[in-house]
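Engineer: sequence below, structure please.
(chains A and B, ligands or ions: 2)
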Amino acid sequence: MLLETIKIAIRSLWSNKMRTLLSMLGIIIGVGAVIAVIAIASGTQEQVTSRIADLGSNLITINKGTTRGYFGRLSTTAEEVFTLELGEAIEEFCPSVTRVIPKSQASGYFIMGDNNIQASVIGTTVEYQNANKYYPEKGKFFSQYDLDNASNVIVLGSELVDELYGDVNPIGSKITFYYNKHTFIFNIIGVMEEKERGITGDFNSSAYIPITTYLNMISNSRYIGSFIAQAASADEAGQAVEQIEYMLTKHFGGDEEFSLMSQDELLDTITEVTGSMKLMLSGIAAISLLVGGIGIMNIMLVSVTERTREIGIRKALGAKRRNILSQFLIESLTLSSLGGIVGVIIGWLGAFGVAQIGGWPLIISVPTVVLAFSFSLLVGVFFGIYPAIKAAKLDPVIALSYE
Amino acid sequence: MLKIENLTKIYKNGEIEVKALKGISFEIKKGEMVAIMGPSGSGKSTLMHLLGCLDRPTSGKYYLKGNDVAGLGDDQLADIRNNYIGFVFQQFNLLSRTSILHNVEVPLIYAGVKKNKRRKIATEMLEKVGLGHRLKHYPNEISGGQKQRVAIARALVNNPALILADEPTGNLDTKTEEEIMRVFRDLNEQGHTIILVTHEDSVAEHAQRIIYLVDGEIRRDEVIA
Ligand SMILES: Nc1ncnc2c1ncn2[C@@H]1O[C@H](COP(=O)(O)OP(=O)(O)OP(=O)(O)O)[C@@H](O)[C@H]1O
Ligand SMILES: [Mg+2]
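Structural biologist: Residues are numbered from 1 along each chain as shown, chains lettered A, B, ... in the order given. Ligands and ions are numbered 1, 2, ... in the order given. Alright, predicted model coming up:
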């Protein structure tokens, strides 16, 4: 009986292919959108997360704090707060921190013959390499000796070399850096390997010099832009954050002068962002499902009217209300579940295509598919019930004489 | 078999009242074949609807096989239609989107008969009316006479106590009319009770009894030889 009814429903839907397709469109788009959106969001999240993990989940960035502007006061960045000594103190007094790497950065222009390119010079220490798992490909990184003597040496990121030198080996030659109306000349001693762009910045289009050189030549002060603190392990990162926070708050007499950012926090933020993105897009998808439901209701009402005579015949032959009700309900369910299935397939294909282009993994979770599909069934029942009741309530005599 | 007492039917369309039946009484015995005749608008179809439990009378009594059916609910009436009554309509009223075999199966579906048994009974019934070779065909692929045979097979498939036919030959030519009437006659000879509405004397003369309706009342009720 049920199987018969489904068969009849499919046959009647099949005989009106175009109309069926149009009325399923809303459901198809809705379900497809849910599947694709969740898959794409999960894929990008996975990609970003794994990149952050690549950066080392035990790294904590210590930045200068900003005070919020209010009552006409401008927001200001704290200046002159971090010194090399402060970095050493953090390393010494925070047990969960194995080392603290200073990092100062200046954006200017590298000039090489007729070419110039805007890029950053980063002043740091030797340990920058290990902390970021980032090493030279040709030549060498600067040494402790260079640090101690504030040598005039520079290591270039791979993209800088590509842009300025092409295939020519730059090691041994000099490069000019123009910053703040001054020019600085460095000896190139190495070229870094290529590293995927992370969320903390673009490694490849920066150049690296000893922090001492940076302080002497470029900033001409004893203050440092930021620190990278490395926790003993990823598990200890949380403790390390607490220790640094405690120590710096004490040191500055407040927490306005600095801000901490750990990879953990970053991950949380990203999960939060993609989470709310998923939620928002799923909302849009839900609206489309709703519209799809109205489409189904519309087509079912048309179908009931068209088949008034059929309903009359069935009633004359002994169909009870619930027989007619279930017939039309099954038909709208068939319609919405077909739409759901097509939607799942299309969403899947869409997510697959986008994942291919974006280069992230295709993540389609079974609960998502089940949820989207059952939602389409729900829509079928919800919007099919009214037309079905209308059909079931038809008076047999009136239905039989319907032209 | 069936008995009606003082049956009335009044249609109300807003302010306008139409008294389609004005108190009709008769009794029909098992195995009778009765023709109902009368001018257009005299209430023949209305009476058939009441006898077929498709509609409820405004007042009066209707006993079918001893049961008072005038006051039953929709689903109970559906059961009675399914178990006791077979309909044959002027417009054939076959389901156009299914095979004729399936058409004949429909009453059995609502009676809850299992698929295999259903198929068997329906096939036998179609063979009986001479359409055993057309089971898989669709209604639009067969002639009017054949459609009416399918409708008769469908009316018979639940082995009903009463067969109601409202102008069953109204859409057929004389030759086909003759064939269909022979089918009804055969059925009657096998013991089926049949009530049919007709405008044609040639159809009515197959019956043993003719009830003439005029303006919602019985004008004559006569037994013919
Ligand atoms: N649903 C309805 N609403 C209002 N009036 C109706 C309705 N059905 C029938 N009538 C009226 O009831 C009267 C009897 O109609 P009915 O259909 O029973 O006549 P009939 O004898 O079958 O006529 P015909 O030979 O033309 O089929 C007519 O006056 C008709 O207009
Ligand atoms: Mg009539």
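Engineer: centroid-nearest residue for chain B?
Structural biologist: Nearest to the mean C-alpha position of chain B, by C-alpha atoms, centre = their mean, lies B:Leu164 at 1.7 Å.
Engineer: would you confirm that B:Tyr63 contacts B:Leu2?
Structural biologist: Yes: in terms of C-beta atoms under 8 Å, B:Tyr63 counts as a neighbour of B:Leu2; the distance is 6.5 Å. Glycine gets a C-beta too; all of them are placed from N, C-alpha and C.
Engineer: show me how far the helix or strand harbouring the residue nearest to the centre of chain B is from its chain's centre.
Structural biologist: Applying DSSP states H and E as the criterion places B:Leu164 in strand B:162-166. Its chain's C-alpha centre lies 2 Å from the corresponding centre of strand B:162-166 when counted by C-alpha atoms, centre = their mean, to the nearest Å.
Engineer: for chain B, which residues are neighbours of chain A?
Structural biologist: B:49, B:52, B:54-55, B:74-75, B:78-79, B:81-83, B:87, B:89, B:93-95, B:97-98, B:106-107, B:109-112, B:115, B:154, B:158 (C-beta under 8 Å from any C-beta of the partner chain).
Engineer: who's in contact with the helix or strand bottoming out on mean pLDDT in chain B?
Structural biologist: Least confident helix or strand of chain B, by mean pLDDT, DSSP states H and E, is strand B:67-68 with a mean of 90. With C-beta atoms under 8 Å, 6 or more residues apart in numbering or on different chains as the test, strand B:67-68 has contacts from B:61-62.
Engineer: so which bits of the next helix or strand after it are buried?
Structural biologist: Note on strand B:67-68: by DSSP H and E, the next helix or strand toward the C-terminus is helix B:74-84. By neighbour count on 16 or more other C-beta atoms under 10 Å in any protein chain shown, the buried set for helix B:74-84 is B:77-84.
Engineer: need the helices for the stretch 251-400 of chain A, in chain order.
Structural biologist: A:263-306, A:308-316, A:321-358, A:366-392, A:396-400 (DSSP state H, counting those that start in this stretch).
Engineer: off-centre distance for the third one?
Structural biologist: On the basis of C-alpha atoms, centre = their mean, helix A:321-358 sits 28 Å off its chain's mean C-alpha point.
Engineer: that helix near chain B anywhere?
Structural biologist: Yes: interface with chain B: helix A:321-358 contributes A:321, A:323 (C-beta under 8 Å from any C-beta).
Engineer: that helix vs helix A:308-316, what angle?
Structural biologist: 130 degrees (axes from the mean of the first three to the mean of the last three C-alpha atoms, to 10 degrees).
Engineer: and residue 218, what does it touch?
Structural biologist: Reading this off chain A. Listed by C-beta under 8 Å, 6+ apart, the contact set of A:Ile218 reads A:104, A:106, A:121, A:123, A:179, A:184.
Engineer: chain B is the one I meant
Structural biologist: Contacts of B:Ile218 by C-beta under 8 Å, 6+ apart are B:24-26, B:211-212.
Engineer: likewise for A:Leu329?
Structural biologist: A:381, A:384-385, A:388.
Engineer: got a markdown table for those, with neighbour count too?
Structural biologist: Below are the contacts of A:Leu329 laid out as a markdown table (neighbours: other C-beta atoms under 10 Å in any protein chain shown):
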| residue | neighbour count |
| --- | --- |
| A:Val381 | 14 |
| A:Gly384 | 25 |
| A:Ile385 | 16 |
| A:Ala388 | 24 |
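Engineer: wait, which of those residues is closest to chain B?
Structural biologist: For those, the closest approach to chain B (C-beta to the nearest C-beta) belongs to A:Ala388, at 15.7 Å.
Engineer: can the helix or strand harbouring B:Thr8 be found next to ligand 1?
Structural biologist: Using DSSP H and E, B:Thr8 sits within strand B:2-13. Yes: judged by C-beta under 6 Å from any ligand atom, strand B:2-13 and ligand 1 are in contact via B:11, B:13.
Engineer: just checking: what are the partner strands of that strand?
Structural biologist: strand B:16-28 (antiparallel), strand B:59-64 (antiparallel) (DSSP bridges).
Engineer: can I get these in CSV with mean neighbour count?
Structural biologist: Shown next, in CSV, are those (neighbours: other C-beta under 10 Å):
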stretch, mean neighbour count
strand B:16-28, 16
strand B:59-64, 17
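Engineer: please name every helix or strand in contact with the helix or strand where B:Lys147 lies.
Structural biologist: B:Lys147 belongs to helix B:144-156 when assigned by DSSP H and E. Contact here means 3 or more C-beta pairs under 8 Å, 6 or more residues apart in numbering or on different chains; DSSP states H and E; on that basis helix B:144-156 packs against strand B:85-89, helix B:100-111, helix B:115-128, strand B:162-166, helix B:174-189.
Engineer: nearest residue to A:Ser337 in space, please, no chain neighbours.
Structural biologist: Nearest non-adjacent residue to A:Ser337, counting by C-beta to C-beta, 6 or more residues apart in numbering or on different chains: A:Leu377, 5.7 Å away.
Engineer: mind listing what the nearest residue to B:Lys61 once chain neighbours are set aside touches?
Structural biologist: In this structure, B:Lys61 finds its nearest non-sequential neighbour in B:Glu5, 4.2 Å apart by C-beta to C-beta, 6+ apart. By C-beta under 8 Å, 6+ apart, the contact list for B:Glu5 reads B:25, B:60-62.
Engineer: endpoint to endpoint, stretch A:13-20 covers what distance?
Structural biologist: 6 Å (C-alpha to C-alpha, to the nearest Å).
Engineer: is chain B within reach of it?
Structural biologist: Yes: using C-beta under 8 Å from any C-beta, stretch A:13-20 comes into contact with chain B via A:Ser15.
Engineer: residue in the stretch 251-400 of chain A nearest to chain B?
Structural biologist: For the stretch 251-400 of chain A, C-beta to the nearest C-beta, closest residue to chain B: A:Gly318, 2.5 Å.
Engineer: list the residues that contact that residue.
Structural biologist: Contacts of A:Gly318 (C-beta under 8 Å, 6+ apart): B:78-79, B:81-83, B:107, B:110-111, B:158.
Engineer: for the contacts of A:Leu329, which one is nearest A:Val291?
Structural biologist: Set against A:Val291, the nearest of the contacts of A:Leu329 by C-beta to C-beta is A:Gly384 (15.3 Å).
Engineer: thinking again about what came up before, pLDDT and distance to chain B for the contacts of A:Leu329 - can I get that in TSV?
Structural biologist: Output for these, formatted as TSV (pLDDT from 0 to 100; distance: C-beta to the nearest C-beta, whole Å):
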residue	pLDDT	distance to chain B
A:Val381	91	22
A:Gly384	92	19
A:Ile385	94	19
A:Ala388	95	16
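Engineer: and A:Asp268, how far from A:Gly238?
Structural biologist: 11 Å (C-beta to C-beta, to the nearest Å).
Engineer: between those two, who's got more neighbours?
Structural biologist: The neighbour comparison of A:Asp268 against A:Gly238 (other C-beta atoms under 10 Å in any protein chain shown) goes to A:Gly238, with 15 against 11.
Engineer: now name the helix or strand holding the more buried one.
Structural biologist: Using DSSP H and E, A:Gly238 falls in helix A:237-252.
Engineer: buried stuff in that helix?
Structural biologist: A:237, A:239-241, A:243-245, A:247-248.
Engineer: dump those residues to a markdown table, plus distance to A:Val37.
Structural biologist: Shown next, in a markdown table, are the buried residues of helix A:237-252 (distance: C-beta to C-beta, whole Å):
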| residue | distance to A:Val37 |
| --- | --- |
| A:Ala237 | 32 |
| A:Gln239 | 37 |
| A:Ala240 | 37 |
| A:Val241 | 33 |
| A:Gln243 | 41 |
| A:Ile244 | 38 |
| A:Glu245 | 37 |
| A:Met247 | 44 |
| A:Leu248 | 41 |
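Engineer: let's have those residues in TSV, adding pLDDT.
Structural biologist: Compiled in TSV, the buried residues of helix A:237-252 are given as follows (pLDDT from 0 to 100):
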residue	pLDDT
A:Ala237	82
A:Gln239	88
A:Ala240	90
A:Val241	89
A:Gln243	93
A:Ile244	92
A:Glu245	91
A:Met247	92
A:Leu248	90
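Engineer: with that, I have no additional questions.
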